[in-house]
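Participant: Here you go, sequence then predicted model.
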Amino acid sequence: ATTEIYTSFPTRRSSDLLVGGMSVTMEIDVPEFVKSYARNERDLKFQGPFDEAYRIHTTKGGDFIDLFIDAYERKNGNAKLVRQLNISEVKELSYNSSNADVAAYFHDKIASSMDGVEQIMSKRINQFGVAQPNIQKESRKNRLYIELPGVQDEATVAKKLQSTANLEFYETYVLQDPNIQQGFSNANLISRNPEIKKAEADTASVADSTGTDTAKIKAAPIKPIQSIAAKGKGATKQLFDYLKVEPGMGVGTANAEDRDEIDEILKRSDVMAAFPADLKFMWSANLEDIGQGKKGYVLYAVRIPEGGKAMVGGEDVKSAVRSFNQQNLQTTVSVTMSIDGTQKWAQMTERNVGRSVAITMDNVVYSAPVVNEAIKGGSTEISGNFTIAEADDLSGLLNGGSLPAPCVIKQQTKVGPTIGKENSEAGLISFAFAFLAVFVYMYFYYGKGGLVANIALAVNVVLIFGCLASFGAVLTLAGIAGIVLTVGMAVDANVL
């Protein structure tokens, strides 16, 4: 089994010794890790082998990296995988590296990431205020086993543990930009019919045969589609039935209940083909006021730089702290950049005066302020209708550092107070029985000397429990057995 049921809990007052706990098994998300290196994850030369490897990996298992390399070589012949990857900051690889070199790099990088993941998890768990957490690493399976005594809010803990905490700053598209408004119109018509995959493959093959760089496809004008919707019989709901496309915040808004439907539409390759190749949709992190007294999510169209890496990212953040904006009376998070980050942030804001810059983390937009002038001081403010607790959580994640590789929770188990109570009663009964047995034996065997030893023994046990309570330490079943052993050792010491 990959998850160990947690049986140790923090000490509390005598009427509430045990409060339960949580056991989590985390694993590096290797497919997402590989995808993060893609120059253009929608390029069929990358996407086709990736999807095939992912399907085999999830159904039959196996090493995803090896499966991906095999699928890539079958579909693309002698083409080098490294040409599909962003390796501008990877010293171990060059554009002449073989596929075997790429596979070796991925394996080594994941193995080395385990230490970084363990360190970041320790920092995050310390922010929870958990007493004596237990973290065990299994490098062979790229897994961490985490035990958190006293934790009951599974959803919040899981969200914080999985978060990459990789703050990224992106340029954005607006509806007035070329091809965006028309792209939405085309996407709306396409969405009325089942997904068209063959047409996309044919289009991509034509582009590849002409030697066109996929990064340059975005410059080509997107022509309106006029008749494709008419071909569908019994057409279902289309994109605009869920998404309200309008200028303002982002490129559109949607009700919370419609967000999943929009995501399903925007996952379609034929729909996304209607937009520039460097465009990626992200939702606002929180519900926003979308007019008419309604709350909903804002959809942003962010511009992904060539190579897929944000110009300014989490590695450029020096520190983050909760703050308060006196103008709009909102709780915010103030971010201070490093020296390199300050220079890159100044360049980025200077290039986007009058436009929005999306401040994102884990593929959601926390804030998208309009740049009024170049920011050269190295400080910025993230707003997002935060509560004080949410601002503290966000600043804590940023200060704790970003994960070197994306992680996913494979299994989690919650041990409630009921199970804890049963374990507590069984442990204390066994302890009391052993304690009394030693007392009786000492008195009848040593007489008055044994009685004196029993008094010293009782003081010893009281001091042990007093220290445990004062430090908020965890009382485990193994710990109870250790106290019983201490009782026996103390007896020997007193007799001697």
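Facilitator: Looks like it came in fine.
Participant: Skipping adjacent residues, who's closest to Ala100 in space?
Facilitator: Distances taken as Cβ to Cβ, 6 or more residues apart in numbering put Ile69 closest to Ala100, at 7.9 Å, once the chain neighbours are dropped. In short, each C-beta sits where N, CA and C put it, glycine included.
Participant: residues near the one you found, how many?
Facilitator: If you count neighbours by other Cβ atoms under 10 Å, Ile69 ends up with 20.
Participant: Model confidence at it, what's the number?
Facilitator: At Ile69, the model reports a pLDDT of 94.
Participant: Helices along the stretch 151-300 of the chain, start to end?
Facilitator: Ranges of helices in the stretch 151-300 of the chain, per DSSP state H, counting those that start in this stretch, are 154-162, 180-190, 198-209, 259-266, 269-272.
Participant: Select, out of these, the one closest to Val321.
Facilitator: helix 154-162 (17.9 Å; Cβ to Cβ).
Participant: which strands and helices sit next to that closest one?
Facilitator: strand 21-28, helix 99-128, strand 407-415 (3 or more Cβ pairs under 8 Å, 6 or more residues apart in numbering; DSSP states H and E).
Participant: Distance of Asp340 relative to Gly378?
Facilitator: Asp340 sits 10 Å away from Gly378, going by Cβ to Cβ, to the nearest Å.
Participant: who's more crowded, these two?
Facilitator: Neighbours were counted for Asp340 and for Gly378 using other Cβ under 10 Å; Gly378 has more, 17 against 11.
Participant: Okay, now the unreliable bits of the stretch 301-450 of the chain?
Facilitator: By pLDDT under 70, the weakly predicted segments of the stretch 301-450 of the chain are 384, 400-401, 415-424.
Participant: what's near enough to touch Leu451?
Facilitator: Residues near Leu451 by Cβ atoms under 8 Å, 6 or more residues apart in numbering: Met442, Tyr443.
Participant: My read is that Gly377 contacts Thr342, right?
Facilitator: Yes - with contact defined as Cβ atoms under 8 Å, Gly377 counts as touching Thr342 (7.5 Å).
Participant: So for these two, which sits in the more crowded spot?
Facilitator: Between Gly377 and Thr342, counting by other Cβ under 10 Å, Thr342 is the more crowded of the two (19 against 11).
Participant: If you drop the residues flanking it in sequence, what lies closest to the more buried one?
Facilitator: Gly378 (3.3 Å).
Participant: For Gln152, see how far away that neighbour is.
Facilitator: 40 Å.
Participant: which residues does Val298 contact?
Facilitator: Val298 neighbours (Cβ under 8 Å, 6+ apart): Met249, Gly250, Gly252, Thr253, Trp283, Ser284, Glu288, Ile290, Val365.
Participant: before we move on, what about Glu246?
Facilitator: By Cβ under 8 Å, 6+ apart, the residues touching Glu246 are Leu175, Gly252, Thr253.
Participant: rerun that using 6 Å as the cut-off
Facilitator: With contacts taken as Cβ atoms under 6 Å, 6 or more residues apart in numbering, Glu246 has no neighbouring residues.
Participant: Also Leu287?
Facilitator: For Leu287, the contacting residues are Lys295, by Cβ under 6 Å, 6+ apart.
Participant: one more time with 10 Å
Facilitator: Leu287 sits next to Asn255, Ala256, Lys294, Lys295, Gly296, Tyr297, Val298, Asn385 when contact means Cβ atoms under 10 Å, 6 or more residues apart in numbering.
Participant: likewise Glu154?
Facilitator: Applying Cβ under 10 Å, 6+ apart to Glu154 gives the contacts Met22, Val24, Leu148, Ile409, Gln412, Thr413, Lys414.
Participant: Apply 8 Å and report the result again.
Facilitator: Taking Cβ under 8 Å, 6+ apart as the test, what Glu154 contacts is Met22, Gln412, Lys414.
Participant: who wins for most neighbours among those?
Facilitator: That'd be Met22 among the contacts of Glu154, by other Cβ under 10 Å, with 23 neighbours.
Participant: Could you double-check that it lies in contact with Val151?
Facilitator: Yes - if you go by Cβ under 8 Å, Met22 and Val151 touch, sitting 4.4 Å apart.
Participant: shared neighbours of these two, anything?
Facilitator: Taking Cβ under 8 Å, 6+ apart as the criterion, Met22 and Val151 both touch Val157.
Participant: Double-check that the residue nearest to Ala100 belongs to a helix.
Facilitator: Yes - if the criterion is DSSP: H, G, I helix; E, B strand; the rest coil, then Ile69 is within a helix.
Participant: Give me the distance between it and Asn78.
Facilitator: 13 Å.
Participant: again with Val462
Facilitator: 76 Å.
Participant: same check, this time on His107
Facilitator: To Asn78, His107 is 22 Å away according to Cβ to Cβ.
Participant: The two: which is more packed in?
Facilitator: His107 (14 against 6).
Participant: Secondary structure of Leu148: a helix, I assume?
Facilitator: No - with three-state DSSP as the criterion, Leu148 is assigned strand and is not in a helix.
Participant: hang on, the earlier thing: closest to Val333 out of the contacts of Leu287?
Facilitator: Asn385 (12.0 Å).
Participant: Contact partners for the closest one?
Facilitator: Asn286, Leu287, Glu288, Gln330 are the contacts of Asn385 under Cβ under 8 Å, 6+ apart.
Participant: For the one residue sitting closest to the centre of the chain, list the residues it contacts.
Facilitator: Nearest to the geometric centre of the chain sits Ser163, at 2.4 Å (Cα atoms, centre = their mean). Ser163 sits next to Met361, Asp362, Leu397, Leu403 when contact means Cβ under 8 Å, 6+ apart.
Participant: so the third one makes contact with Lys123?
Facilitator: Spelled out, it's Leu397. No - using Cβ under 8 Å, Leu397 makes no contact with Lys123, being 9.5 Å away.
Participant: Between these two, which is the more surrounded one?
Facilitator: Applying other Cβ under 10 Å to Leu397 and Lys123 shows that Leu397 carries more neighbours, namely 25 against 13.
Participant: The residue lying closest to Ile146 once chain neighbours are set aside and Leu161: what is the separation?
Facilitator: Excluding the flanking residues, the one nearest Ile146 by Cβ to Cβ, 6+ apart is Val24, at 4.5 Å. For Val24, the distance to Leu161 equals 7 Å [Cβ to Cβ].
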